[in-house]
Structures are given as structure tokens and as C-alpha cells.
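Engineer: Got a sequence here, can you model it:
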Amino acid sequence: MVRAFVEPLFYDPLIEYFKHDYLKMPIPKLNLTTYLLNISYRFFLNTIISLAILFVIFKEVNVFLFSVKIYVASFVVLICFLFVLLKFEIIESYLVVFYVRRFLIHPIILLVLIPAFYYQKLILKINK
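Structural biologist: Predicted coordinates for the structure are as follows:
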């Protein structure tokens, strides 16, 4: 849903960069502060939607609170890592930037948490 509104709402010059022959071109100049704020905004929009989905599926406050902790920790680690990669240009492979960025702008964490919580629920049901 968030992806449908990428163009008009978010500043992301790396979209076009990764669509083309990025292995032979340097990362384009970008306003790092604006870029990281836009990535953060996308992450938080996806997080709110993902947390709502998790709450609707599992209807447990503990699942919700644990998910919030996972999302906060993931955001802090990934945004710091992206900042270092872009600011200091210590990139051996541009794919690292691509995948860190992808984890921040797509709801990949949701795709990991749903089966994990479902599996935990099954294990708890079996043990009772």
C-alpha cells in the first residue's frame, strides 16, 4: 500500500539508480538528511500497518509489544548502518546498500514475524 504512493510522497533517488546499470555507476549525490528522513517515514508507515496486521492476526498484547521491540531495534541498527554506508562510502558492493534499504522500506520483518509467532503458538498448544 505504501509503495503505491512512493513517487509523489518520498524522496528516493536510489529507485532509479537501482533500476539501471548501478554496478558501473557511483551512487548519485543525495541529500543524506532528507533521504534518511524519508526512509524513516516509510519505515514507520510500514511498521504501523505491520503492527496492525500482527494484532489482528494474533490478538495478543505480548505479541504486539514484542513486535514493537523488534521493529525499534531493527530500525536503529539498519538506519545507522545505512547512514554509515552512504556517508563514508565504504561500499565494496552496492548490493549491501540495496538490501539494507530494502529491509527499511519493505515490510520484510512482517514476513518473518507471522510464521514465527504462528509456530510459537503451535508449540505452546502442543505442550499444553
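Engineer: What's the separation between Leu82 and Gln120?
Structural biologist: Between Leu82 and Gln120 the distance is 30 Å, computed by C-beta to C-beta, to the nearest Å. Just so you know, the C-beta spots here come from the backbone N, C-alpha and C atoms, and that holds for glycine as well.
Engineer: Ok, Phe103 next?
Structural biologist: From Phe103 across to Gln120, the span is 22 Å (C-beta to C-beta).
Engineer: Show me the shaky parts of the chain.
Structural biologist: Across the chain, the ranges flagged by pLDDT under 70 are 1-28, 90-93.
Engineer: what residue lies at the spatial centre of it?
Structural biologist: Nearest to the geometric centre of the chain sits Leu104, at 2.2 Å (C-alpha atoms, centre = their mean).
Engineer: wouldn't it be in contact with Leu36 here?
Structural biologist: No. Using C-beta atoms under 8 Å as the test, Leu104 is too far from Leu36 to be in contact (9.5 Å).
Engineer: any shared contact partners between these two?
Structural biologist: Ile79, Leu82 (C-beta atoms under 8 Å, 6 or more residues apart in numbering).
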